[in-house]
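K.L.:
3D model of this:
(chains A and B)
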Amino acid sequence: MSDIVEKTLTALPGLFLQHQAAGGSGVPRVSVSSRLGSLIRSITALTSKHEEEKLIQQELANLKATVSAPGTTLDLQSTNLVEVCMALTIVSQIFPREMIPAVLPLIEEKLQHSKEIIRRKAVQALYKFHLIAPNQVQHIHVKFRKALCDRDVGVMAASLHIYLRMIKENPSAYKDLTGSFVTILKQVVGGKLPVDFNYHSVPAPWLQIQLLRILGLLGKDDPRTSELTYDVLDESLRRAELSHNITYAILFECVHTIYTIYPKPELLEKAARCIGKFVLSPKINLKYLGLKALTYVIQQDPNLALQHQMTIIECLDHPDPIIKRETLELLYRITNAQNVSVIVQKMLEYLQQSKEEYIIISLVGKIAELAEKYAPDNEWFIQTMNAVFSVGGDVMHPDIPNNFLRLLAEGFDDENEDKQLRLYAVQSYLSLLEIENAFYPQRFLQVMSWVLGEYSYLLDKGTPEMVLTKLYRLLMNKSTTSETKTWIMAAVTKLTPQALSSKTVEKIIQEFSVSLDTCMRQHAFELKHLQENVELMKNLFLVDKSCEDLVVDASLSFLDGFVAEGLDQGAAPYKPHHQRQEEKLSQGKVLNFEPYGLSFSSNMSSSGYTGRQSPAGISLSSDVSGNSAETGQKETNSLKLEGVKKLWGKEGYLPKKENKAKNNPELQPVPQDSTLMENVDQMMIKKEQSQALHHSEEEAEKQRLASTLFVGLGSESAVSLLGKTDTVSHKFRRKSKVNDTKNRKVTSAHNINCSSFSPLSNAPYEDNNHLNNFQDKGDTGLKKCSLGSEFLESSLKSDSLTELDLVENLSVCNLSPSSLFEDNSMEIFHPPQPTLSSSATEISLTSSLLEELNEHVHSDLVELCNNEMITVSSCKIWKDDSLLLVWMVANKSNLELKSMNLEITSTENFKILEHPGFSFPVIEAESTTSIQHCVQMEKPFTEEGLSGYVKYQMEEDPCIQLEFSLTISLLDFIRPMKICTEDFGKLWLSSGNDVKQNVKMPDSQANLPFALKTLQQKLRLHIVDIIGNEGILACQLLPSIPCLLHLRAYAGIVALWFRSSCSTLPDYLLYQCQKVLEES
Amino acid sequence: MIKFFLMVNKQGQTRLSRYYEHVEINKRTILEADVIKTCLTRSKEQCSFIEYKDFKLIYRQYAALFIVVGINDTENEMAVYEFIHNFVEVLDMYFSRVSELDIMFNLDKVHIILDEMVLNGCIVETNKARILAPLLILDKMAES
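P.N.:
Sure, this is the predicted structure:
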């Protein structure tokens, strides 16, 4: 603290002078400067450190208040240039989010200021706003563009920061600006800027770097945009004369951009040559930069690694750790099945020297990944993983041991191979545990104990007793944590059926049934009881069945009878935790005068028994009993309501509420597409060593190292051996065969359970099966219109799926009769119609489709892109639980289109629930097909482009690709939330994140009903209640983030007050509300 | 993004620190001490970039004073390295042959200069004349 004070004191004279000067220019500042004086005086008068701290804290609080509030606003309105300038600087550094609406108009005004410095600082302030509350500056995007085109370089450069950020979030929305950025960069590179922007005679280097980054983002995966940038990138490469460090910085960025955008061979070649200059430079900083660039580049062109292999070898033994580290990073990207062991060895060597936690975490992760992908044999794999666990210990990512165990458990295609691997693991762990006084990290011990518990049966010699002794020793070790002990205990439990009447087990039980650790004591007792029932234990702990799930009745339906009995005898129904809490809350407000429900207990018991016969019924009844309190409460609720009505009957209020209570919205679960994206190999390198490799005659050892490191990277004769490498690389790839095995083996597991527990329901399993069926169908192509009975059944069973089926069938079969959808639920049984005559298909299809979905709100059909052959248009359907996108591809030509393919680029913000790609073999001439995608939001965003392309082939011509993009806004995921006033109150109290704002409305319309209607219609908010001049509304962001709005109208002003559990939602909705209310 | 900007002398005394990401006050002291220790152990032949925790340090030494900048992986190391030099050139221009003492006794001005150049972790101005313009106006007002 005193250090800060010291600094403050040194700075004070300067500040003092400034304030006096400002005061002199006509603004009354006496109060401020005198306060400053008194502060200095009081600090010098202080005696203790404690007092000093107190004083400074108080002063800080005062300062905060002055800075954040009217002070800056006043300064912004000042006519004094310096004051405005300083105020803007402050605004762009620290500013409270809530104050933005207040100062935004002032800042916007400053964008027109005649002085460049003010305009520049205003743009910087807007950048700050964009950082902290992007939604509030959404409407001034036009002004950003103006700033970009400003006649002053500084203002333009300031706007680039905003653009870089926005483009990073959503590149597709700013493609049209590519031309402008290219022109600017051309001018900068061409030396058109004033000389004072030069740094060591390089024109505005940091500006160039910024522009190169933007171009890289825009051109990524986009050949058309990239095309525009090739020229200027070429020029940048050419112009950068290697005289100064800063040109290397620009070149590095340039190379990065060239390798990020859609590739152009010529340019790549030039960039690669450029990298040579870096890598070969004697200057260490440049060498580092070169290695980093090489790391980017090598992913596209592994041959470059060959060119620089000698340098890479040298860098591998470099004394500077960061160079070594960067080299390892590079090697990691060129790893293949042939060089994996050398590279991993180098990585492990580095790990042994490094103590830095972050480095260990990242390197250990990489080693584990490489080992899993390319391991040459079992022995090596286990040994490497042992090293990983020993070094990574307890800092590594928990996924590593989890993945490893799953890999062991799930195995690969070859049964025999699996056994070998497991056996080797068991043997190696046993020998590790043999060593006296060896210390292993806890995670490693956990892995060991799991593997020993599962697979020590594979050992030929040695009894379970021997393994148990080792585990016992671990259990008794003082340094073993209680978490690890639980793992070990589980292993012991698994081994017990194989070693009946083992002394060690007895010892463990004895030892731990008096343990102070309650968890261990529990396990010991469980083990003891299990040991008494050998038959059950053997069935429970099957050998080598770790992948199969035991089917247990999680709903505890076998307790139904017991529960019903209890209820009959007047016991209080079970209430889940959240419900108890809710009741506590509501009890605080209202006294419950109702006697405890008499009617429902008999009701309950009957329903509890009725469903017993069928397996489906069991789960149903258990559902009822599980939530018995809820149903019970509903009933008492309605009772209460009646009483209320009699007592305080309020017109127009209660009937509505009753309605709402009845149609309690229940969100249907949407079936998730479980098609796992296969782990795409990052490395596309698998090529065979080229014989044309000619090594320069250097030290033999390095040569040897090089040949081992760079084996498998080469240019020629790749095809013949590609297949071979491939199989090797797949060796340790994870496989998800859990589902299959579950289906096959579940019966046996089921039987076992039946013997030990009373009636079990297999309903959950059946559900699962249906879902699988459905998904299988989905995968194999939805064209199969001859629907098997099984398929029908499955689609019938699950309501939510039916609709989707329908939609998919519809889209594939080119159905035209608009009558088809009159009865929604029945149509699925109709045999599909043959493809129809081409006339007027589009319209009929459109109309039929929309008719079907008429119950949902939808947008108009918007044309996205077209050419002379096809038109792609789309419409959004705002379904209750998701956003449905319908794409229509119309073939306008009189030719047949082949291998039609519509692909949506996936982004991290959305989850697209069907296959992102969709292909039809053929579209008939002059006909239309439609595809639907169900979109769910993953991460909140304000606006995001969804891009994709349509590919088709006409006769024998090459494929034609047509790109399109569609903007999706957060508003597409906002749905009304139908709740009653009471729930609203509860939710209101429990939500944080307040946002309040007054909105002016045109006088004639400033009444509440109008405002409410506007919000209901345009934003799909649900009106919960209207009381006097106040209204409450509710909506939810899919899947289920509620946002509440309280609205009060008076004197031409509408006061909006939002609350939500999500912090960004209120801001966004406020902006939208403001927009619709002001527009109306 | 630039995470912080430090000026520390060989004795480990912090002359200036500016954070662009929230770091608790007591953690700052620890970080600064650790950072300077890391920088001091490095020789001239070693790289000016250091991997530190989950980010990188870029440092440059001027006489007994180290300037250390913490950056994340979106930043271009060399561009930041040269930016440090640009900053020193601006100081040199303003103080005419800048020394550690200038920085100690004109901390407010150094801060004003730095704030003109870096804002919210971004390099916003590198044109020397423009960086110094507001400060020169303030000086002129103080004189009159």
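
K.L.:
what does the domain assignment say about chain A?
P.N.:
The record, using the TED database to delimit domains, assigns chain A the ranges A:88-318, A:411-540, A:852-970, A:974-1079.

K.L.:
Show me which residues of the stretch 301-450 of chain A are close to chain B?
P.N.:
Applying Cβ under 8 Å from any Cβ of the partner chain, one finds that the stretch 301-450 of chain A approaches chain B through A:Pro319, A:Asp320, A:Pro321, A:Ile322, A:Ile323, A:Arg325, A:Glu356, A:Glu357, A:Tyr358, A:Ile359. C-beta coordinates here come from the backbone N, C-alpha and C atoms, glycine included.

K.L.:
Among these, name the ones in helices.
P.N.:
Where those overlap with helices, as defined by DSSP state H, the overlap consists of A:Pro321, A:Ile322, A:Ile323, A:Arg325, A:Glu357, A:Tyr358, A:Ile359.

K.L.:
hmm, back to that, would you check which pair of the residues of the stretch 301-450 of chain A next to chain B lies furthest apart?
P.N.:
With distance counted by Cβ to Cβ, no two of those lie farther apart than A:Pro319 and A:Glu357, which are 22.2 Å apart.

K.L.:
Just the C-alpha atoms of stretch A:363-378, please, in CSV.
P.N.:
Listed next in CSV are the C-alpha coordinates belonging to stretch A:363-378 (Å, rounded to 0.1, in the frame of the first residue of the first chain):
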residue,chain,number,x,y,z
LEU,A,363,2.9,-31.5,-22.8
VAL,A,364,1.5,-34.4,-20.9
GLY,A,365,-1.8,-33.9,-22.8
LYS,A,366,0.0,-34.0,-26.1
ILE,A,367,2.0,-37.1,-25.3
ALA,A,368,-1.1,-38.9,-24.2
GLU,A,369,-2.8,-37.9,-27.4
LEU,A,370,0.1,-39.0,-29.6
ALA,A,371,0.4,-42.2,-27.7
GLU,A,372,-3.2,-43.0,-28.2
LYS,A,373,-3.2,-42.2,-31.9
TYR,A,374,0.1,-43.7,-33.1
ALA,A,375,1.4,-46.2,-30.6
PRO,A,376,3.5,-48.8,-32.4
ASP,A,377,2.8,-51.6,-29.9
ASN,A,378,1.2,-52.4,-26.6
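
K.L.:
Please state the mean pLDDT value computed over that stretch.
P.N.:
Summarised as a single mean, pLDDT over stretch A:363-378 is 90.

K.L.:
Equivalent analysis for stretch A:902-915, please.
P.N.:
Averaging pLDDT along stretch A:902-915 yields 71.

K.L.:
In PDB, list the C-alpha atoms belonging to that stretch.
P.N.:
The C-alpha coordinates for stretch A:902-915 follow below in PDB (Å, rounded to 0.1, in the frame of the first residue of the first chain):
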ATOM      1  CA  LEU A 902     -26.500 -29.000 -49.100                       C
ATOM      2  CA  GLU A 903     -24.100 -28.400 -46.300                       C
ATOM      3  CA  ILE A 904     -24.200 -26.100 -43.400                       C
ATOM      4  CA  THR A 905     -21.000 -24.900 -41.800                       C
ATOM      5  CA  SER A 906     -21.200 -25.700 -38.200                       C
ATOM      6  CA  THR A 907     -20.300 -22.900 -35.800                       C
ATOM      7  CA  GLU A 908     -19.600 -23.100 -32.100                       C
ATOM      8  CA  ASN A 909     -22.600 -21.000 -31.200                       C
ATOM      9  CA  PHE A 910     -25.200 -23.300 -32.800                       C
ATOM     10  CA  LYS A 911     -26.000 -26.900 -32.600                       C
ATOM     11  CA  ILE A 912     -27.600 -28.300 -35.600                       C
ATOM     12  CA  LEU A 913     -29.600 -31.300 -34.700                       C
ATOM     13  CA  GLU A 914     -29.800 -33.100 -38.000                       C
ATOM     14  CA  HIS A 915     -26.900 -34.000 -40.100                       C
END
